[in-house]
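Enquirer: Show me the folded form of this:
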Amino acid sequence: MAKSSSVKVRLESTAGTGYRYYAKRSTRAEYKVAKKKYDPWAVNEETGKKGKHVLFEEKKMPPHKK
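Expert: Model (predicted):
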């Protein structure tokens with residue numbers, strides 16, 4: 001059976017809220033994924049309300065539970 005050409009990665013918010021997304025990236029990529037996405041827990045400094053677009057960076061996936 002052939003190996004998959006993509007791997008699942010965890011994207012964690014740089015705002016420090018602990019909010020995360022899961023995405024796929026190429027296994028051949030030599031870079032870490034960083035995307036600007038919506039964090040519903042991050043507080044917007046201008047308005048004082050929750051919800052803001054922040055940078056999400058790739059982190060190590062947690063170990064698989066059996």
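Enquirer: just the strands in the chain please.
Expert: Along the chain, the segments classed as strands by DSSP state E run 6-13, 20-26, 34-43, 50-59.
Enquirer: could you redo those strands as a markdown table and give each row distance to residue 65 and mean pLDDT?
Expert: Backbone N, C-alpha and C define where each C-beta goes, glycine included. Shown next, in a markdown table, are those (distance: least, C-beta to C-beta, whole Å; pLDDT from 0 to 100):
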| stretch | distance to residue 65 | mean pLDDT |
| --- | --- | --- |
| strand 6-13 | 15 | 94 |
| strand 20-26 | 16 | 94 |
| strand 34-43 | 25 | 96 |
| strand 50-59 | 18 | 96 |
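Enquirer: And residue 60, what's its pLDDT?
Expert: Residue 60 carries a pLDDT score of 89 in this model.
Enquirer: Next one: it relative to residue 12, how far apart?
Expert: Residue 60 sits 10 Å away from residue 12, going by C-beta to C-beta, to the nearest Å.
Enquirer: and those two? which has more neighbours close in?
Expert: Neighbour totals were compared for residue 60 and residue 12, and residue 12 leads with 16 against 8 (other C-beta atoms under 10 Å).
Enquirer: what about the residue lying closest to residue 55 once chain neighbours are set aside, how many residues close to it?
Expert: Nearest non-adjacent residue to residue 55, counting by C-beta to C-beta, 6 or more residues apart in numbering: residue 14, 4.7 Å away. When neighbours are counted by other C-beta under 10 Å, residue 14 registers 14.
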